[in-house]
Structure formats: C-alpha cells, structure tokens
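S.K.: below are the sequence and a predicted model; questions follow.
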Amino acid sequence: MELTDYLRIFRKRGWIVILVALIAAASAFAFSKLQTPVYNASVKLSVNPARADWGLSNATKDLLRNYAENIRTHTMAQEVIDRAQLDMDTTTLLGKLFVSPAADTFTLQIDARDTDPEVAMTIAQTMAEVFAEDRDAWNQRQDKRDRIEVSILDNVWNLGYRQYSPNTKINTAAAGLFGLLVGLLVIFFLEWLEQDVIRSASDLERAIGVTVLGSIPPAPSDASAHQSSPRRRLFRPRLA
C-alpha cells in the first residue's frame, strides 16, 4: 500500500480510531476514580561504619541486604504493632512494608503503603525507630571501632506522603494509546474485509490499475421512464 492509500483510509475511517481511543481513555479515567487510593510514606536510614576502613565499608555494604531482611521479620513487625497500637497482625503489616537497600549510598529506604496515609506514615516511622534502636543495642556490645551506626536521615512527618495508586494520568494516557492501537487494527480489518468490494470508479482503478474513461449509467425504471416522457394530450372529437 502507498502513502496515499493510508491517507485515504484515515480520511475515511479515522473517526473510528479517535472514538475507540476516547472510550478507552474515559473508561480508564472512570475506573481509576472508582478505586480506593493507596498512599506511600518513606523513611531513609543512614548506615555508617564507625571508621573509614575499606574492609569495614565493604562489610557494611554486604550487611545492608541482611538489615533489609531483619526489618521484614514478624518479630520487628510485632514490635511496631505494639508500640504504635496498630489494629492488624504481623502478616498484614509486612504486606504493607517494603525495604530497599542501596549499597552505593549506604542507605536503607523503608516504604509503607496503606489506604490511610496516617497509618502508612506511622508504620514507616515506627519501623525506622525500632530498627535504629535495635542496631544501637547491638553496637553497645561491640568495640567502638567495629560499630555500624544506623540513624534516621529525616523524619517521615517532615516528608509527608504521596499517593501510590491509582495513577490516574498514567492510566488514562496508557488506555488512550491502547485505544489508538485497537482503533487502527479495527479500521485495517474493515478495509481488508472490503478490499474486493468496488463501489466507485476510483475503487476500480485501484483494483485493475487502469484509468476509467467512462461509465454506463444505470437503466431507468419503468416508472421513472414514464414520468420522464412528455405527457400526451388526449383530444376528444367534437360531435356535430
């Protein structure tokens, strides 16, 4: 197919693509608005070795993954529930908790997600405090030169929270693009179904590759022929 053929198809059926895209985007927008929002609160922990030693620094990097696993334990979760007086079990709390270690910055990020932003912030902040205290208790039993200090970089109440889902803008845009693709498939499918149907001289020219010089008009029906013929006047002879 040439470019002119594509332009002809879009001029003829482009409204289908636009309609399908609008319907998909509107549906995604409405679905996103009907969903219950989930909010995310984050706290970053700084993990610092007691001295600038290459061996201790590498050991700290290796320990970050272990720290992340220690945070996501039922023991730690129960401590958070008891301290914050949360109405949930440890399995539910751990389902709302996410920990991301970053070895290049010596940090641990604790994320908590809940439909109530206050609950999300409480979980994140309390877990950070509980873990920092647990590491501080561990350091008290170590030599000062071998300690690995854990501290909260910023309070969650200063950072606030953000809506994690649904992301209405992204959902609407993605659905609109998907609708465009579906609309394109629909119009090309319709064009494929009608590729053997000839309705005009241009369709015939594309089919046989020869210029059409003329066409035979359809024969008039009997009624139209009778109407188009001149009316005859009937004269009655006068009697003497």
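M.R.: Yep, that arrived. Residues are numbered from 1 along each chain as shown.

S.K.: heading C-terminal from the helix or strand containing residue 109, find the next helix or strand.
M.R.: Using DSSP states H and E, residue 109 falls within strand 107-114. Sequence order places helix 117-139 as the next helix or strand after strand 107-114, per DSSP H and E.

S.K.: now that next one against strand 107-114, angle please.
M.R.: 150 degrees (axes from the mean of the first three to the mean of the last three CA atoms, to 10 degrees).

S.K.: could you list the residues in contact with helix 117-139?
M.R.: With CB atoms under 8 Å, 6 or more residues apart in numbering as the test, helix 117-139 has contacts from 39-43, 45, 67, 70-71, 76, 79-80, 83-84, 86, 93, 96-97, 110-114, 147-152, 155-157, 160-161. C-beta here means a position set from N, CA and C on the backbone, and glycine is covered the same way.

S.K.: so in that sheet, which strands flank the strand holding residue 109, and in what orientation?
M.R.: Its sheet considered, strand 107-114 pairs with strand 38-49 (antiparallel), strand 97-102 (antiparallel) by DSSP bridges.

S.K.: and the contacts of the shortest one?
M.R.: By CB under 8 Å, 6+ apart, the residues outside strand 97-102 that reach it are 64-65, 67-68, 71-72, 77, 107-113, 123, 127.

S.K.: what is the rounded mean pLDDT of it?
M.R.: Here strand 97-102 scores 92 as its mean pLDDT.

S.K.: now the first one
M.R.: The pLDDT scores in strand 38-49 average 90.

S.K.: on that earlier part again, quick one, which of the strands paired with strand 107-114 is nearest to residue 60?
M.R.: Residue 60 sits nearest to strand 38-49 of all the strands paired with strand 107-114, at 4.8 Å, using CB to CB.

S.K.: what about dumping the CA coordinates of the closest one to CSV?
M.R.: Coordinates of each C-alpha in strand 38-49 appear next as CSV, following Å, rounded to 0.1, in the frame of the first residue of the first chain:
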residue,chain,number,x,y,z
VAL,A,38,-3.3,3.8,48.3
TYR,A,39,-0.7,6.2,49.9
ASN,A,40,3.0,5.7,50.4
ALA,A,41,5.2,7.0,53.1
SER,A,42,9.0,6.7,53.1
VAL,A,43,11.9,6.9,55.6
LYS,A,44,15.6,6.6,54.8
LEU,A,45,18.1,5.2,57.2
SER,A,46,21.8,6.0,57.0
VAL,A,47,24.1,3.1,57.7
ASN,A,48,27.6,4.3,58.6
PRO,A,49,30.7,2.3,59.6
